[in-house]
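[1] my questions concern the predicted model and sequence given below.
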Amino acid sequence: MHVTFYTRPGCHLCEDTEAMMKLAQEDVPLTWTTVNIEEDDQAHEKYMLMIPVIEKDGEVLLYGSIGYIDILNLFEK
């Protein structure tokens with residue numbers, strides 16, 4: 001599964017989520033493209049109060065405080 005990961009510098013929740021995504025990669029086929037919302041006006045307006053955000057095909061799958069189990073559960077849908 002390839003997702004888009006919306007983040008911004010200095011976001012501790014984002015750093016934690018990325019660490020969980022890397023951990024999940026050991027168990028599931030997960031890849032992502034990282035988008036810094038501070039460099040994308042549309043993404044900033046859309047997600048500034050939600051980050052981190054994991055999105056696939058325009059649909060928000062997870063946002064906010066995201067844990068390892070939350071990520072693994074994406075593969076059970």
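    Yep, that arrived. Numbers count the residues shown, from 1 in each chain.

[2] could you use CA atoms for every contact and neighbour count after this?
    Will do.

[3] quick check: which element contains T4?
    With secondary structure defined by DSSP states H and E, T4 is part of strand 2-7.

[4] for that strand, packing partners?
    strand 31-36, strand 53-56 (3 or more Cα pairs under 8 Å, 6 or more residues apart in numbering; DSSP states H and E).

[5] buried residues, the longest one. List them.
    Think strand 31-36. By 16 or more other Cα atoms under 10 Å, the buried positions in strand 31-36 come out as 32, 35.

[6] select, out of the helices and strands packed on strand 2-7, the one closest to D70.
    strand 53-56 (10.8 Å; Cα to Cα).

[7] pLDDT of the closest one, averaged?
    The average of the pLDDT scores along strand 53-56 is 96.

[8] tell me what that strand is packed against?
    strand 2-7, strand 59-63.

[9] what strands flank the longest one, and is each parallel or antiparallel?
    By that I understand strand 2-7. Partners of strand 2-7 in the sheet, by DSSP bridges, are strand 31-36 (parallel), strand 53-56 (antiparallel).

[10] what residues does that strand touch?
    14, 30-37, 43, 47, 51-57 (Cα atoms under 8 Å, 6 or more residues apart in numbering).

[11] which residue is nearest the middle of the protein?
    Nearest to the mean C-alpha position of the chain, by Cα atoms, centre = their mean, lies I54 at 3.1 Å.

[12] does that one touch I66 like I think?
    No: counting by Cα atoms under 8 Å, I54 stays clear of I66, with 9.1 Å between them.

[13] before we move on, the earlier item: can you pull the contacts of the residue nearest to the centre of the chain?
    3-6, 60-63.
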